[in-house]
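K.L.:
Generate coordinates for the sequence data below:
(2 chains)
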Amino acid sequence: AQSVTQLDSHVSVSEGTPVLLRCNYSSSYSPSLFWYVQHPNKGLQLLLKYTSAATLVKGINGFEAEFKKSETSFHLTKPSAHMSDAAEYFCVVGDSGNTGKLIFGQGTTLQVKP
Amino acid sequence: GAVVSQHPSWVICKSGTSVKIECRSLDFQATTMFWYRQFPKQSLMLMATSNEGSKATYEQGVEKDKFLINHASLTLSTLTVTSAHPEDSSFYICSARGLAGARGELFFGEGSRLTVL
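P.N.:
Numbering: from 1, shown residues only, chains lettered A, B, ... in the order given. Coordinates of the predicted model:
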């Protein structure tokens, strides 16, 4: 069965400093992996996705993530945090068979301090 | 990008009443829609998969008679919470996938917050 584990429930950074949100996955096949962002009381926005192409995936708003099979990780990074980045971030794995079902991690709350 | 609209965004109802939430794909045809539930400060849990013209497939532990899902057209799926109780209060989010099939990108609605008094 597929699963994702977000290693930090809460991350706090200062504006202008790097962001690292950690995610480990478990999958018996080559997974599709996603990062979504959710602002308060809003739906979800896709930041980026990995689907077995390049291991370094660039997304919107300066975010990127690197797929590391040996470490079963898909950590999300951004060189310089902006106040508007404060939100909830979900690491997500697509289930086998590309049915469209998504399995969500528990989420990481990113706080950005001025 | 593609837009998925949910209505209502907020709804408050009395215990025992039924509430219908709509999920519409505004600029594409969605063969498959998914309904998720999110409790405060928690992750999203898939409730059911809705395919146009067929019965929804519910995840384990989700009561199909309580959460009625209808996907009557390629642009509309509805979730009806029947005989709602306070424990049904939650944030309900739908996502939709277009006619590109399994490789079609998923788009999420803005969510509907249900409060049952």
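K.L.:
So which bits of chain B are right by chain A?
P.N.:
B:4, B:6, B:32, B:34, B:42-46, B:49, B:91, B:93, B:95, B:97, B:102-106, B:108-111, B:113 (CB under 8 Å from any CB of the partner chain). C-beta coordinates here come from the backbone N, C-alpha and C atoms, glycine included.
K.L.:
Quick one: buried ones out of the residues you listed?
P.N.:
B:4, B:6, B:32, B:34, B:43-46, B:49, B:91, B:93, B:95, B:97, B:104, B:106, B:108-111, B:113 (16 or more other CB atoms under 10 Å in any protein chain shown).
K.L.:
In strands, which of the residues you listed fall?
P.N.:
If you go by DSSP state E, these have B:4, B:6, B:32, B:34, B:44-46, B:49, B:91, B:93, B:95, B:97, B:106, B:108, B:113 in strands.
K.L.:
Just name the lowest-scoring one in the residues you listed, pLDDT-wise.
P.N.:
Lowest pLDDT within these is found at residue B:106 (81).
K.L.:
In this structure that residue contacts residue B:94, no?
P.N.:
No: the pair residue B:106 and residue B:94 does not pass the contact test of CB atoms under 8 Å, sitting 10.2 Å apart.
K.L.:
shared neighbours of these two, anything?
P.N.:
residue B:34 (CB atoms under 8 Å, 6 or more residues apart in numbering or on different chains).
K.L.:
Which strand residues bridge residue 67?
P.N.:
If you meant another chain, say so; for now it's chain A. Residues in a beta bridge with residue A:67, per DSSP bridges, are residue A:74.
K.L.:
wrong chain, I was asking about chain B
P.N.:
Each beta-bridge partner of residue B:67 is listed here: residue B:81, as defined by DSSP bridges.
K.L.:
Fine, thanks again, bye for now.
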